[in-house]
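Fold the following and give me the result.
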Amino acid sequence: MTDTITPIPVSNKANILLEEARSAHEKYLIKQQDADLEKAIECYIDAIKINPALSESYYRLASLLLIKGQISIDGAIEQCKTALTLEPDNVNAHIYSGYFQCLNGNFEEAEKEFKLAVSNSGINSARPRLFLSKVLFTRIKNHDSSVKVLMKFMYYFLSGSMMIMWDCPSLKMFCKFLANDFSVFSYKTLGETFEKMKLFPSALEAYSKGLEKTSQGNLFYQKMGDLSLECNDIEASLECYKKAYELNPTDREVLIKLATINQTYFPEDVDTTIDYYNSLLEFGIDLDKIYYELGHLYLNKADKIHAVTAFKLAQEINPENPYYNNSLAYAYIKAELYDDAIEYYQLAIKLNPDAEWTSIVCHALGAIYAEVKNNFDAAEATFNAGIVLDPKNVDIQLSLGDLYMSQGDLDKAIKTYCDAIAVEPENYLTYAKTGLALWEKDYLEESIVAFHKSIELNPDFEIAQNNLGVVYLDGLGDPKESVEYFKNAININPNYTLAYFNLGRAYQAIGDKALAAEYFQLTMDLNKITQEMADKEIRERLYGLFE
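Predicted coordinates for the structure are as follows:
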């Protein structure tokens, strides 16, 4: 024998749903969390579907849909009219209708609605009286300051303030707010106190209790996230912020923290960080900064088109920002749009926020002139401008020296490299470049000194090792001395094709054809991968050994 299940009457189902909606609505007003908002909307809609005669569902649903932006103010007013059609004396329907009329700027209609609410409320008319006083105060601010309006304002404001003690629904909600706020304050203060005392586990426990005992999950997840971040527990911090964001997706501060942490500590997860920044765009605040960050993220993905678009949007919002112009220029380089890059580099240089920074931009622009446009005069002028801005910028001095080298102006190249040495005497690269220029100028002894200094500063710099070997081999005619340096270069970089070739030449000069052939063959094999040399030159050397 089985028990029979008595079906719930339709009216009871609607009332149950309405009660669930009220509860979620109330929680939303206290906690401001989207999950409660969504539940309240869903329950109000379901209650209306089951019993369309429930007037309360219409005006309360209208207020929540208006918050979500799913209906207009006119739509909310229409929902209130429906509620009043079903229940003309419903006080709350008149209050909501008056409130929506205020939002719509219809103050006369709002005044009528609040007066009807007052007349239908009796001793519990505190709320509509206070709302009505607010409407009258708005009229006063709008220069309707007649004695009659002023007296009415004073009457409704004072009577509403006195009668609030008899307004049970308002008192009930006020007590709930007060109790919740006191609990939030207690746990928050306790946790912050423990934090100041560096008792982090106790602080975390206090915040966890606050999360459990109060309705402010968003707040306490943030506090736990901040604390975890301070303790360098990045993953725990990220999880807390994610939970806080789930509870309230409209919290911009939490979204900023999520984007920043993900970008800083999880650079490989670029797509998630991009999603966070795109969500931040919806707030309409600091759009240029967000587009700027998005541009860098798209560059990390090698998404050149989106990077250019993002930086361009940032630059259009704030065209006087030199950093936006510089980043846009760099994105154009990645997209191989060099003329556009030159334009925005020039703008960045013109804005010149800082001499040292602008010198770096001059370096980038000069490199385009030299390497892409083959405009050596423009490159020289731009490099020199950068050096004037920052005489300590060794990198731009080296690039200027390289420019002179490419033009065969060895005297200027040597002078520029020596200027770089004067600025940064412990820079191994400056000595290596100086050594090469001196070698090209046939200053052999000076070249050897420069290369030895470069190797002394950085023994693992294979290019200096190889070039010093070349000076001994081809300059001083000392192949035995050169072997050591070629071998050093190969030990440092086993894929250094030119060093194998030079070692083969050294053994050839010594007269050891077998070793010379071995290294020429190694050069040929390796060059198939590196494509560092012309195969013809290697073959001629190898076959020439046996002629």
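
Which strand or helix spans Ala464?
Using DSSP states H and E, Ala464 sits within helix 462-470.

now for that helix, which elements pack on it?
On a contact count with 3 or more Cβ pairs under 8 Å, 6 or more residues apart in numbering; DSSP states H and E, helix 462-470 meets helix 428-440, helix 444-457, helix 479-492, helix 497-510. Where C-beta positions appear, they are placed from N, C-alpha and C, glycine not excepted.

Quickly list the domain ranges of this structure.
Listed by automatic domain parsing, the domain ranges of the chain are 10-172, 174-248, 472-547.

can you list the weak-confidence ranges in the stretch 1-150 of the chain?
Applying pLDDT under 70 to the stretch 1-150 of the chain flags the ranges 1-11, 29-33, 125-126, 141-145.

circling back to that earlier point, need the helices and strands packed on helix 462-470 in JSON lines (columns: mean pLDDT and mean neighbour count).
As requested, the helices and strands packed on helix 462-470 are exported to JSON lines (pLDDT from 0 to 100; neighbours: other Cβ atoms under 10 Å):
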{"stretch": "helix 428-440", "mean pLDDT": "96", "mean neighbour count": "24"}
{"stretch": "helix 444-457", "mean pLDDT": "96", "mean neighbour count": "19"}
{"stretch": "helix 479-492", "mean pLDDT": "96", "mean neighbour count": "20"}
{"stretch": "helix 497-510", "mean pLDDT": "94", "mean neighbour count": "23"}
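
Please identify the helix or strand for the residue nearest the centre of the chain.
Centroid-nearest residue in the chain: Glu293, 4.6 Å away (criterion: Cα atoms, centre = their mean). Using DSSP H and E, Glu293 sits in helix 287-300.

May I have that helix as PDB, with CA atoms only?
The C-alpha trace of helix 287-300 is given here as PDB (Å, rounded to 0.1, in the frame of the first residue of the first chain):
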ATOM      1  CA  LEU A 287      38.700  53.100 -21.300                       C
ATOM      2  CA  ASP A 288      42.100  54.300 -22.700                       C
ATOM      3  CA  LYS A 289      44.000  52.500 -19.900                       C
ATOM      4  CA  ILE A 290      42.100  49.300 -20.500                       C
ATOM      5  CA  TYR A 291      42.600  49.400 -24.300                       C
ATOM      6  CA  TYR A 292      46.300  50.000 -23.600                       C
ATOM      7  CA  GLU A 293      46.600  46.900 -21.400                       C
ATOM      8  CA  LEU A 294      44.600  44.900 -24.000                       C
ATOM      9  CA  GLY A 295      47.000  46.000 -26.700                       C
ATOM     10  CA  HIS A 296      49.900  44.500 -24.800                       C
ATOM     11  CA  LEU A 297      48.000  41.300 -24.200                       C
ATOM     12  CA  TYR A 298      47.200  40.900 -27.900                       C
ATOM     13  CA  LEU A 299      50.900  41.500 -28.700                       C
ATOM     14  CA  ASN A 300      51.700  38.600 -26.300                       C
END
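
Could you shift the numbering so residue one becomes 38, and keep it that way?
I'll keep to 38 as the first residue from here, and by that count the last item is helix 324-337.

Contacts for it next, please.
Helix 324-337 has contacts (Cβ atoms under 8 Å, 6 or more residues apart in numbering) with 296, 300, 304, 307, 310-311, 314-315, 317-318, 341, 343-345, 347-348, 350-351, 354-355, 358, 360-361, 364-365, 367-368, 371.

circling back to that earlier point, out of the helices and strands packed on helix 499-507, nearest to Glu408?
Closest approach to Glu408 among the helices and strands packed on helix 499-507 is made by helix 465-477 (16.7 Å; Cβ to Cβ).

need the contact list for Ile293.
By Cβ under 8 Å, 6+ apart, the residues touching Ile293 are Leu317.

no, scratch that, I was asking about Ser436
By Cβ under 8 Å, 6+ apart, the neighbours of Ser436 are His400, Gly403, Ala404, Ala407, Phe420.

One more pass at 7 Å, please.
His400, Gly403, Ala404, Phe420 (Cβ atoms under 7 Å, 6 or more residues apart in numbering).

quick one, phi psi at Ala72?
phi -60, psi -40 (degrees, to the nearest 10).

What's the per-residue pLDDT of the residue nearest to the centre of the chain here?
According to the prediction, Glu330 has pLDDT 96.

Also Lys213?
45.

Tyr302 now?
94.

Leaving out sequence neighbours, find the closest residue to it.
Ile271 (4.9 Å; Cβ to Cβ, 6 or more residues apart in numbering).

Run through who's touching stretch 457-470.
Contacts of stretch 457-470 (Cβ under 7 Å, 6+ apart): 428-429, 431, 434-435, 438, 454, 471, 487-488, 490-491, 494-495, 498, 500-501, 504.

scratch that, stretch 260-280
With contacts defined as Cβ under 7 Å, 6+ apart, stretch 260-280 is touched by 225, 228, 232, 237, 240-241, 244, 258, 281, 291, 294-295, 298, 302.

repeat that for 6 Å
The list of residues contacting stretch 260-280 from outside it, by Cβ atoms under 6 Å, 6 or more residues apart in numbering, reads Phe237, Ala240, Leu241, Tyr244, Tyr258, Val291, Lys294, Leu295, Ile298, Tyr302.

thinking again about what came up before, would you put the C-alpha positions of the helix holding Ala501 in CSV?
Extracted as CSV, the C-alpha positions of helix 499-507 are listed here (Å, rounded to 0.1, in the frame of the first residue of the first chain):
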residue,chain,number,x,y,z
GLU,A,499,81.5,33.6,-28.2
ILE,A,500,81.6,36.4,-30.8
ALA,A,501,84.5,38.1,-29.1
GLN,A,502,86.3,34.8,-28.8
ASN,A,503,85.9,34.1,-32.5
ASN,A,504,86.8,37.6,-33.6
LEU,A,505,90.0,37.6,-31.4
GLY,A,506,90.9,34.3,-33.1
VAL,A,507,90.4,35.9,-36.5
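
Helix 481-494 and that helix, what's the angle between them?
Interaxial angle, helix 499-507 versus helix 481-494 (axes from the mean of the first three to the mean of the last three Cα atoms, to 10 degrees): 150 degrees.

model confidence over helix 499-507, on average?
96.

And the contacts of it?
In contact with helix 499-507 (Cβ under 6 Å, 6+ apart) are residues 469, 488, 491-492, 519, 522-523, 525-526, 529-530, 533, 536, 539.

centre of the chain versus it, how much separation?
Here helix 499-507 is found 44 Å from its chain centre; the criterion is Cα atoms, centre = their mean, to the nearest Å.

Quick check: which element contains the residue lying closest to Leu227 once chain neighbours are set aside?
Computed as Cβ to Cβ, 6+ apart, the closest residue to Leu227 that is not its neighbour in sequence is Ala243, at 4.4 Å. According to DSSP H and E, Ala243 maps onto helix 237-250.

Buried ones in that helix, by neighbour count?
By neighbour count on 16 or more other Cβ atoms under 10 Å, the buried set for helix 237-250 is Phe237, Ala240, Leu241, Ala243, Tyr244, Lys246, Gly247, Leu248.

now swap in stretch 91-111 and tell me
Using 16+ other Cβ under 10 Å as the test for burial, stretch 91-111 gives 91-103, 108, 110.

thought Leu481 was touching Leu510?
No. With contact defined as Cβ atoms under 6 Å, Leu481 does not count as touching Leu510 (11.7 Å).

can you tell which of the domains of the chain is closest to Glu393?
domain 211-285 (31.6 Å).

list the helices and strands the helix or strand hosting Thr119 packs on?
Here Thr119 sits within helix 110-123, counting by DSSP H and E. Packing partners of helix 110-123 (3 or more Cβ pairs under 6 Å, 6 or more residues apart in numbering; DSSP states H and E): helix 92-105, helix 128-140.

Would you mind getting the angle between that helix and helix 92-105?
Using the same axes, to 10 degrees, the direction of helix 110-123 lies 170 degrees away from that of helix 92-105.

What angle do helix 128-140 and helix 110-123 make with each other?
Angle, helix 110-123 to helix 128-140, by the same axes, to 10 degrees: 160 degrees.

Which residues in helix 110-123 does the neighbour count mark as buried?
For helix 110-123, by 16+ other Cβ under 10 Å, it's Ile110, Ala113, Ile114, Gln116, Cys117, Thr119, Ala120, Leu121, Leu123.
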